[in-house]
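In: Pasting the sequence and the predicted coordinates here, then a few questions.
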2 protein chains.
Amino acid sequence: MSSRNESIIERLCIDHGLKMTGQRRVIAKVLSEAEDHPDVEELYRRASSLDRRISIATVYRTVRLLEEKGILERRNFGGNRARYEASEPEDHRHYHIIDIDTGHVVEFEDAAHRDMIRDIAEKLGFDLVSHRLELFGRRIPASGRKKQSGETI
Amino acid sequence: MSSRNESIIERLCIDHGLKMTGQRRVIAKVLSEAEDHPDVEELYRRASSLDRRISIATVYRTVRLLEEKGILERRNFGGNRARYEASEPEDHRHYHIIDIDTGHVVEFEDAAHRDMIRDIAEKLGFDLVSHRLELFGRRIPASGRKKQSGETI
DNA sequence: CTACTTGCAAATCCTTTGCAACGTT
DNA sequence: AACGTTGCAAAGGATTTGCAAGTAG
C-alpha cells in the first residue's frame, strides 16, 4: 500500500493526477467523512479544526476543482450558499427532499424517475446529460410513521 | 373597463393590491410580453428602453415583490443570475430543458412527472409543497426532426 | 527545478438597503 | 395626508483572484 489512512476522496484526487498538498488531504478527509451536505463555510470549519493552516480561499479553490473533476457534486437547497457532497456512481445517484419547516434533507433514489426524464428528454430531441431535481415538502405528522433514515442537514 | 392597455401582469398586481407606479407598470408590461426567461439585467434593459426613469434597484425590488406574491417564478438555469418568468396556473406549470451547447431553453409540460414526484414525496412522509426540475442535454442531430417549438433563451 | 498551490487581502458579481425625495391611493 | 415607492450610492454576502512565497512531483 502507498500511505496509510488515505481517504476515499484523496484516492480519487490522486487518480485524477492532482497534487496532494497537506491542505487538500485534510479537505479530502473532511469531505470523505461528511454524511451531510456542508457548505464551504462548514467545510472550512471542519478542516480548520484538523489543521489550522487552511484558508477559506483554499477550500473554495478545492471544492471547485473537485467539482470540475466530477469528484464532488454541488447542490443548492434554497439558501444562497452552495452545498457539496461526494459524487456517487451513475447507478446510485440520489435526490433530495428538503423539509421546508426545518431545513432537514432526506435523500432518496428512484430509478423509475431517472428513466422517466431520460425518456422525456429524448422525446424533446435531447440526449440527457444531467439534471437537477429537488423536492420541498412538509412532514406529514403520520401517527405511526417509521423514523426516517438518511436524514441530515 | 378600467384603463386601456393594461398588461396581464399589471392586472395581477392590482388584484394583489399593489400600488401601480409608472415604473411598475413598465416592468409589468415587459414581463407580460417576455417570451423567454430574462434576468434582472435584461429586464432592466427592456424597461429602460421604454422609460428611462427606471433604476435597476427598482427592477430588483419589483421582481422580488412579484415573486413573493406568486406572480413571477424565479428560475436558475446554471448561470449565477436568477431568471424570471410569469407564473402559470397550477395545472399548466412547465419544466425546462437547457441545451448545454447553446444555452437555449425548451419548455415542456408533463403531468405524469408531476404525479410521480407527488407520490415519491408521499412515500417519504412529506406533503409536496414545491419542487425544482431542470434537465440539461445536448441536441440529437436527428436527421428528420421537426423544428422544435417553444425554444427561447 | 518547475509548475502548481497557498494565504492574504483586494476585487468581483449579484443583490439588497438606508435615506431623503416623490407619487399613489 | 399617510404610507408605500424610487433613485442613488453605499453595503452585503458569496465567491474569485493577483501576487509573492511555499511545496509537490
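Out: Perfect, I can see it now.

In: Show me chain A divided up by domain.
Out: A:1-87, A:90-153 (automatic domain parsing).

In: Of those domains, give the one that comes closest to DNA strand D.
Out: Of all these, it is domain A:1-87 that lies closest to DNA strand D, at 3.5 Å by C-beta to the nearest atom of the strand. Backbone N, C-alpha and C define where each C-beta goes, glycine included.

In: pLDDT (mean, whole number) over the closest one?
Out: Mean per-residue pLDDT for domain A:1-87: 94.

In: can I get the domains of chain A in TSV with distance to DNA strand C and mean neighbour count?
Out: Below are the domains of chain A laid out as TSV (distance: least, C-beta to the nearest atom of the strand, whole Å; neighbours: other C-beta atoms under 10 Å in any protein chain shown):
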stretch	distance to DNA strand C	mean neighbour count
domain A:1-87	3	16
domain A:90-153	17	15
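
In: Where does residue A:12 sit, in terms of helix or strand?
Out: helix A:8-15 (DSSP states H and E).

In: packing partners for the helix or strand just after that helix?
Out: Later in the chain than helix A:8-15, the nearest helix or strand by DSSP H and E is helix A:22-33. With contacts taken as 3 or more C-beta pairs under 8 Å, 6 or more residues apart in numbering or on different chains; DSSP states H and E, helix A:22-33 sits against helix A:8-15, helix A:40-50, helix A:56-68, strand A:83-86.

In: neighbouring contacts of helix A:22-33?
Out: Contact with helix A:22-33 is made by A:7-10, A:13, A:18, A:38, A:43, A:46-47, A:50-51, A:53-54, A:58-59, A:62-63, A:66, A:72, A:84, A:86, as judged by C-beta atoms under 8 Å, 6 or more residues apart in numbering or on different chains.

In: just stretch A:70-82 next, same as before
Out: A:9, A:12-13, A:16, A:31, A:37, A:39-41, A:63, A:66-67, A:83-87, A:96, A:98, A:103, A:105, A:134, A:136, B:76.

In: close to DNA strand D, is that stretch?
Out: Yes - contact of stretch A:70-82 with DNA strand D (C-beta under 7 Å from any atom of the strand) involves A:80, A:81, A:82.

In: related to what we said a few turns ago, what's the closest of the helices and strands packed on helix A:22-33 to chain B?
Out: The closest of these to chain B is helix A:56-68. By C-beta to the nearest C-beta, the value is 13.1 Å.

In: How about that closest one and DNA strand D, any contact?
Out: Yes - judged by C-beta under 7 Å from any atom of the strand, helix A:56-68 and DNA strand D are in contact via A:56, A:57, A:60, A:61, A:64.

In: What angle do helix A:22-33 and that helix make with each other?
Out: Helix A:56-68 runs at 60 degrees relative to helix A:22-33, counting by axes from the mean of the first three to the mean of the last three C-alpha atoms, to 10 degrees.

In: Now do helix A:56-68: which elements does it pack against?
Out: Short answer (3+ C-beta pairs under 8 Å, 6+ apart): helix A:56-68 packs on helix A:22-33, helix A:40-50, strand A:72-75.

In: Got phi/psi on residue A:37?
Out: Per-residue torsions, residue A:37: phi -130, psi 70 (degrees, to the nearest 10).

In: same deal with residue A:124?
Out: Note on residue A:124: backbone dihedrals following degrees, to the nearest 10 are phi -90, psi 0.

In: who touches it in this structure?
Out: By C-beta under 8 Å, 6+ apart, the contact set of residue A:124 is B:97, B:106, B:108, B:137, B:148.

In: Next step: those residues restricted to strands.
Out: B:97, B:106, B:108, B:137 (DSSP state E).

In: and the gap between the second one and residue A:113?
Out: This points to residue B:106. 20 Å (C-beta to C-beta, to the nearest Å).

In: One more: the first one?
Out: In this view, residue B:97 and residue A:113 are 15 Å apart by C-beta to C-beta.

In: Give me the spatial nearest neighbour of the residue nearest to the spatial centre of chain A, chain neighbours excluded.
Out: Against the mean C-alpha coordinate of chain A, by C-alpha atoms, centre = their mean, the closest residue is residue A:85 at 1.6 Å. Spatial nearest neighbour of residue A:85, excluding adjacent residues (C-beta to C-beta, 6 or more residues apart in numbering or on different chains): residue A:37 at 5.2 Å.

In: quick one: contacts for residue A:7?
Out: Residues counted as contacts of residue A:7 (C-beta under 8 Å, 6+ apart) are A:25, A:28, A:29, A:31, A:32, A:33.

In: Tell me how far the second one lies from residue B:56.
Out: This points to residue A:28. Residue A:28 sits 42 Å away from residue B:56, going by C-beta to C-beta.

In: so what's residue A:132 bridging to?
Out: Residue A:132 has the following beta-bridge partners by DSSP bridges: residue B:134.

In: Thanks a lot, see you next time.
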